[in-house]
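A.B. asks: no sequence on this one, just coordinates:
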């Protein structure tokens, strides 16, 4: 990825920069792997920058939302309401109302109480809500514990043993239409075996439902495909072929059945970078610190998930390499992007980029310490 360094010098740091050429290339790579009964819904929680959303909407994809605010952002960005799916373990009444009034594609329901509320609210408005049940498949995933979602101990979804019961309840309701099953096992998954295991579990569940005469029009397998944080320039576009081939080979779809995907990080992760400026270089008794003007208020992933981001010295890329702890200005010891990191020597005023920050970067920013939220730019 190339950066418009001269333009960067004119902008107050820290800020996010999105390479929409890379984003468009990524979207095209996904399109190449889709077949007629496959549907892509971008997982909006990864990044809601308006420019990014508009590019994804223009590509013709749907979206996966987990809040009313995300639904509103997607409608404003040009997504078709019928291509919006709404997930989340705790949907507020106003969010359900928004989804009903907008006419979204379907609600991914996670409990019987939620189903009852949706049915009642749809009845009050004279509408039929299309619902899909998120089933917890109790499938483990090779990822960080905080982003594993498919185990029985996690808060998400309905237990497999309750699957038939909740479907029967929905079928008896007057204002909901049961349209499918939804799954998601975790995020930043790089081992295709995890997705293959999900395919096996879905096949098992479908066989059980076949025996009791329950048809499933739609199956939503969620997302979770990871990106290469270590080498963003070497692997700017994830291995979508391996990902989609796993499902093409693994899931036994019935005639006419539609398969839905909810990729987020894999779509936007590599196209975004956090641009920050070196404030001071501080030599401690045992450490050398590169103190930058971005902190965990701007990119919380390292503090929250021990996440790695490749750091690039944009001002002096060919300088001799030195070792640094790259840290921010927040009054917390956890405000550290990385420790003992080798990179070209930096000095006050140098611009550096924290790469692969397009997903869960700008969207998770906070105003702790009364800091301003970082702005997002594209194609400067």
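C.D. replies: Done, it's in. Here the structure is a predicted model, which means the values were calculated and not measured.
A.B. asks: Spell out the residue ranges of the helices in the stretch 201-350 of the chain.
C.D. replies: Remark: helices assigned in the stretch 201-350 of the chain by DSSP state H, counting those that start in this stretch are 240-250, 265-268, 301-305.
A.B. asks: Same list (those) but as JSON lines, adding distance to residue 82.
C.D. replies: Just so you know, the C-beta spots here come from the backbone N, C-alpha and C atoms, and that holds for glycine as well. Shown next, in JSON lines, are these (distance: least, CB to CB, whole Å):
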{"stretch": "helix 240-250", "distance to residue 82": "23"}
{"stretch": "helix 265-268", "distance to residue 82": "20"}
{"stretch": "helix 301-305", "distance to residue 82": "33"}
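A.B. asks: So which of those helices is nearest residue 42?
C.D. replies: Residue 42 sits nearest to helix 265-268 of all the helices of the stretch 201-350 of the chain, at 5.7 Å, using CB to CB.
A.B. asks: Show me what the closest one is packed up against.
C.D. replies: helix 20-33, strand 38-43 (3 or more CB pairs under 8 Å, 6 or more residues apart in numbering; DSSP states H and E).
A.B. asks: hey, which of those is tucked in deepest?
C.D. replies: Greatest average neighbour count among the helices and strands packed on helix 265-268 goes to strand 38-43 (a mean of 24), per mean count of other CB atoms under 10 Å.
A.B. asks: Quickly run through the sheet partners of that strand, with directions.
C.D. replies: Applying DSSP bridges, strand 38-43 is found paired with strand 62-65 (parallel), strand 258-261 (parallel).
A.B. asks: quick one: contacts of the last one?
C.D. replies: Contact with strand 258-261 is made by 37-41, 85, 180, 217-223, 247, 251, 253, as judged by CB atoms under 8 Å, 6 or more residues apart in numbering.
A.B. asks: before we move on, the earlier item: point out the one among the strands paired with strand 38-43 that comes closest to residue 357.
C.D. replies: Residue 357 lies closest to strand 62-65 among these, at 20.6 Å (CB to CB).
A.B. asks: average pLDDT for the closest one?
C.D. replies: The average pLDDT within strand 62-65 is 98.
A.B. asks: Give me the next element, helix or strand, following that strand.
C.D. replies: For strand 62-65, the succeeding helix or strand toward the C-terminus, using DSSP states H and E, is helix 68-77.
A.B. asks: one step back: got a ChimeraX select line for the buried ones in the contacts of strand 258-261?
C.D. replies: Buried members of the contacts of strand 258-261, defined by 16 or more other CB atoms under 10 Å, are picked up in ChimeraX with:
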select :38,39,40,41,85,180,218,219,220,221,222,223,247,251,253
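A.B. asks: Residue 139: neighbour count?
C.D. replies: Using other CB atoms under 10 Å, residue 139 is surrounded by 22 other residues.
A.B. asks: do residue 6 as well
C.D. replies: Neighbours of residue 6 (other CB under 10 Å): 8.
A.B. asks: Just read off the phi/psi values of it.
C.D. replies: When read as degrees, to the nearest 10, the backbone of residue 6 gives phi -60, psi -40.
A.B. asks: ok, now residue 230?
C.D. replies: Main-chain dihedrals, residue 230, degrees, to the nearest 10: phi -70, psi -30.
A.B. asks: Thought residue 311 was touching it, still the case?
C.D. replies: No. At 11.6 Å, residue 230 does not count as touching residue 311 under the criterion of CB atoms under 8 Å.
A.B. asks: Between the two, which has more neighbouring residues?
C.D. replies: Per other CB under 10 Å, whichever of residue 230 and residue 311 has more neighbours is residue 311, with 23 against 12.
A.B. asks: Now that we're looking at that one, what pLDDT does it have?
C.D. replies: 98.
A.B. asks: Repeat that for the one 10 residues further on.
C.D. replies: At residue 321, the pLDDT value in this model is 98.
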